[in-house]
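[1] Could you look at this predicted model? Sequence included:
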Amino acid sequence: SIEYLEMLSFNVYRVCSTGHRVGEINANHNILRVTIVTDMEAINPATGEQVGSYESHDSEDVEAALSRSSAAFDEWRARPIREREALLSNAADVLRANKQRYAELMTKEMGKPISQALGEVEKCAWACDHYAEHATAYLGAEHHPSPPGTSVETVHEPLGAVLAVMPWNFPFWQVIRFAAPYLTAGNVGILKHASNVPGCALALEEVFEEAGYPEGVFQTLLIGSDKVESVLSDDRVRAATLTGSGPAGRAVAKTAGQHLKKTVLELGGSDPFIVLGDADLEAAVATGVQARNQNGGQSCIAAKRFIVHEAVYDEYVERLVESFEDLTVGDPMDDSTDVGPQADPSLMDELHDQVRQSVADGATVLTGGEPLDREGAYYPPTVLTDVPHGCPVDVEETFGPVAAVYEASSEAEAIDIANDTRFGLGASLWTEDRERGQRLARRIDAGCVYINEMVTSDPRVPFGGIKDAGYGRELSESGIKEFVNRKTVWTN
């Protein structure tokens, strides 16, 4: 029952019941759209129990946040970069001081094994340390050749408020990955985090507050994806970064393009893990198991397609299956757990649909392949062989512990299989011949290639993809310069 309607703008009304907002009605061109406003709930995927409930931010809250960011930017950009570096160093201290609490929050909200969650917090602190030490050098003026009597340099100045639309799979790292460089460059940040990790989103705001950042420099908005377009369209927001799905990236890019705003997009991958005939099989198996199952397989840069030379194919597959079956799937709060639950039952169902359809198309399950019969969204480490071209695990990103294995008769065929994807984020290549590895790495369509190592993100090196994996780079010097004005100053 509706108590009253409050007009918000032309044809948009707030629906209220017993004094509380329950939704919005948008009546335009004889089309009635109703947006129901609910609290954001965090549900533990291991137990199905509610971890917490948080009130979403409404239009007035968003407007206030945008006003604060605009007011903060002028003061923040004027601060000497050494002061901004010092505050980022404080943020690293806050992360380490609260490492256990933050890790447990991640584990409860999205199911990450606690040992991996602790590692994620420490990695965030490392990224803060890195930019606290190197930002001044990264953003120093670049001097250019010039005629006698003149000097020409390029300086790097911040753009303003950067909207960050972030995913749930690495709920702290994904945020720090953008915030550490962009804030230190003098920008201000507005975080729209995934709706299933609201506690993590607010905890990240707490990190910067406790580190001593001025009000408005970093803010969290608890809003749904339907609000992103209006926030990004606002003139006070100057750029956006998104890590997520292809459709989400296209939507953000479309809105940003209409308003001529810079974007950086990281949109996932179907990374190849190439094992050549001269590879160290023991190392390639051990790393492959970790690269596919870390974080429950819920990683953009996880190894997803294993491409193995025929000379070692049978032995490698046998060892891989044995190692998958040795993994402990269980309570993510237990230190001995290797693989926790999928972050949500719907995500597990989607993953299983991909496996089931691929099997129907002709793939063979060597281990796993069915949701575990226990409480929680648990899917077992799974190995598929005889993967037909065009089936879901071949052409789609599988966001869970499912390895698709291919046999290649030559290094040329291995590279062809690796590049036969619409994605291009990372790749791992295994060979004992260093020169061969570096030669083949240059033929792989990807943002990064790791030889005899699993793909990872590291604050010291650029990170990002090509093709449907997105564009732009994060981390390192490249990342901190994505959202700056590279201004040329010519002095006669």
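    Thanks, I have it.
[2] How much space separates the closest residue to L204 other than its chain neighbours from P392?
    Among residues not flanking L204 along the chain, V175 sits closest, at 5.1 Å (C-beta to C-beta, 6 or more residues apart in numbering). Where you see a C-beta, it was placed from the backbone N, CA and C, and this is true even at glycine. From V175 across to P392, the span is 30 Å (C-beta to C-beta, to the nearest Å).
[3] Do you know the pLDDT at the residue found closest to D234 once you drop the neighbours it is linked to in the chain?
    Closest residue to D234 apart from its sequence neighbours, by C-beta to C-beta, 6+ apart: L66 at 5.8 Å. Here the pLDDT value assigned to L66 is 98.
[4] Can you list the neighbours in contact with the helix or strand hosting L66?
    Using DSSP states H and E, L66 falls within helix 59-78. Around helix 59-78, the neighbours that count as contacts under C-beta atoms under 8 Å, 6 or more residues apart in numbering are 8, 57, 84, 157-158, 160-161, 186-188, 190, 214-217, 219, 221, 223, 227, 230-231, 234, 236-237.
[5] Stretch 366-384 - what's its average pLDDT?
    98.
[6] For T328, grab the count of nearby residues.
    T328 has 12 neighbouring residues, counting by other C-beta atoms under 10 Å.
[7] wouldn't it be in contact with V339 here?
    Yes - taking contacts as C-beta atoms under 8 Å, T328 lies within contact range of V339: 7.2 Å.
[8] Run through the stretch 251-400 of the chain and note the low-pLDDT ranges.
    The stretch 251-400 of the chain contains no residues with pLDDT under 70.
[9] And the pLDDT for D39?
    84.
[10] can you check the one 10 residues further on too?
    At E49, the model reports a pLDDT of 97.
[11] got it, and I31?
    For I31, the pLDDT comes out at 47.
[12] Please apply the same query to P145.
    96.
[13] Tell me who's in contact with V175.
    Residues near V175 by C-beta under 8 Å, 6+ apart: 164, 166, 191, 193, 201, 204.
[14] Can you pull the phi/psi pair for the fourth one?
    Translated: H193. phi -90, psi 170 (degrees, to the nearest 10).
[15] What helix or strand is V285 located in?
    According to DSSP H and E, V285 maps onto helix 281-293.
[16] related to what we said a few turns ago, mind listing which of the contacts of helix 59-78 are in helices?
    84, 230-231 (DSSP state H).
[17] Show me which of the residues you listed is closest to E432.
    Using C-beta to C-beta, R84 comes nearest to E432 of the ones in helices among the contacts of helix 59-78, at 45.2 Å.
[18] wait, isn't that closest one in contact with T184?
    Yes - in this structure R84 lies within contact range of T184 using C-beta under 8 Å: 4.9 Å.
[19] which neighbours do those two share?
    Both R84 and T184 are in contact with A135, where contact means C-beta under 8 Å, 6+ apart.
[20] The helix holding L66: how far from the chain's middle?
    Mean-position distance between helix 59-78 and its chain equals 25 Å (C-alpha atoms, centre = their mean, to the nearest Å).
[21] cool, stretch 369-388 as well?
    23 Å.
[22] got it, and stretch 97-108?
    The answer for stretch 97-108 is 18 Å, by C-alpha atoms, centre = their mean.
[23] if we can go back for a sec, ok, residues contacting the helix holding V285?
    Applying C-beta under 8 Å, 6+ apart, the contact partners of helix 281-293 are 273, 275, 302-304, 306, 312, 315-316, 319-320, 323-324, 327, 338-339, 381, 401-403, 428, 430, 452-455.
[24] Return it as PDB; C-alpha atoms alone will do.
    C-alpha atoms of helix 281-293 as PDB (Å, rounded to 0.1, in the frame of the first residue of the first chain):
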ATOM      1  CA  LEU A 281      55.900 -31.000 -16.300                       C
ATOM      2  CA  GLU A 282      56.100 -31.000 -12.600                       C
ATOM      3  CA  ALA A 283      56.200 -27.200 -12.400                       C
ATOM      4  CA  ALA A 284      53.700 -26.800 -15.200                       C
ATOM      5  CA  VAL A 285      51.200 -29.100 -13.400                       C
ATOM      6  CA  ALA A 286      51.600 -27.500 -10.000                       C
ATOM      7  CA  THR A 287      51.300 -24.000 -11.400                       C
ATOM      8  CA  GLY A 288      48.400 -24.900 -13.700                       C
ATOM      9  CA  VAL A 289      46.400 -26.300 -10.800                       C
ATOM     10  CA  GLN A 290      46.900 -23.100  -8.800                       C
ATOM     11  CA  ALA A 291      46.300 -20.900 -11.900                       C
ATOM     12  CA  ARG A 292      42.900 -22.500 -12.500                       C
ATOM     13  CA  ASN A 293      41.600 -23.000  -9.000                       C
END
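[25] On the C-terminal side of that helix, identify the next helix or strand.
    Next along the chain after helix 281-293, taking DSSP H and E as the criterion, comes strand 303-309.
[26] Provide the strand pairings for that following strand, with the direction of each partner.
    Here strand 303-309 is paired, per DSSP bridges, with strand 271-275 (parallel), strand 402-408 (parallel).
[27] So what does V329 look like in phi/psi?
    The phi/psi pair for V329 (degrees, to the nearest 10) reads phi -100, psi 120.
[28] Specify the beta-bridge partners of it.
    The partner residues for V329, given DSSP bridges, come to V339.
[29] Quick check: the gap between G340 and G199.
    In terms of C-beta to C-beta, G340 sits 17 Å off from G199.
[30] do V152 as well
    50 Å.
[31] Of the two, which one has the most company?
    Shown here are V152 and G199; by other C-beta under 10 Å, G199 has more neighbours (21 against 15).
[32] in which helix or strand would I find that one?
    helix 198-210.
[33] ok, so what distance separates E83 from A283?
    Between E83 and A283 the computed distance is 45 Å (C-beta to C-beta).
[34] P371 too?
    When P371 is compared with A283 (using C-beta to C-beta), they lie 31 Å apart.
[35] Compare neighbour counts for those two and give me the winner.
    Taking other C-beta under 10 Å, P371 and A283 do not tie; P371 has more neighbours (18 against 13).
[36] wouldn't that one be in contact with Y379 here?
    Yes - with contact defined as C-beta under 8 Å, P371 counts as touching Y379 (5.6 Å).
[37] and for those two, which residues touch both?
    Residues touching both P371 and Y379 (C-beta under 8 Å, 6+ apart): 348, 352.
[38] domain assignment for this protein?
    Domain assignment for the chain by the TED database gives 53-267+470-491, 271-460.
[39] On the three-state scheme, A253 is what?
    What DSSP: H, G, I helix; E, B strand; the rest coil gives for A253 is helix.
[40] where's it relative to L66, distance?
    For A253 relative to L66 (C-beta to C-beta), the value is 21 Å.
[41] One more: S230?
    10 Å.
[42] show me the contacts for the residue nearest to V312 when sequence neighbours are not counted.
    Setting aside the residues directly before and after it, V312 is nearest to G277 in space (C-beta to C-beta, 6+ apart), at 5.6 Å. Each residue near G277 by C-beta under 8 Å, 6+ apart is listed here: 309-312.
[43] Of these, which pair is most distant in space?
    E310 and V312 (7.8 Å).
[44] tell me, how many neighbours does the nearest residue to Q219 once chain neighbours are set aside end up with?
    Distances taken as C-beta to C-beta, 6+ apart put A65 closest to Q219, at 5.0 Å, once the chain neighbours are dropped. If you count neighbours by other C-beta under 10 Å, A65 ends up with 20.
[45] That concludes my questions; thank you for your assistance.
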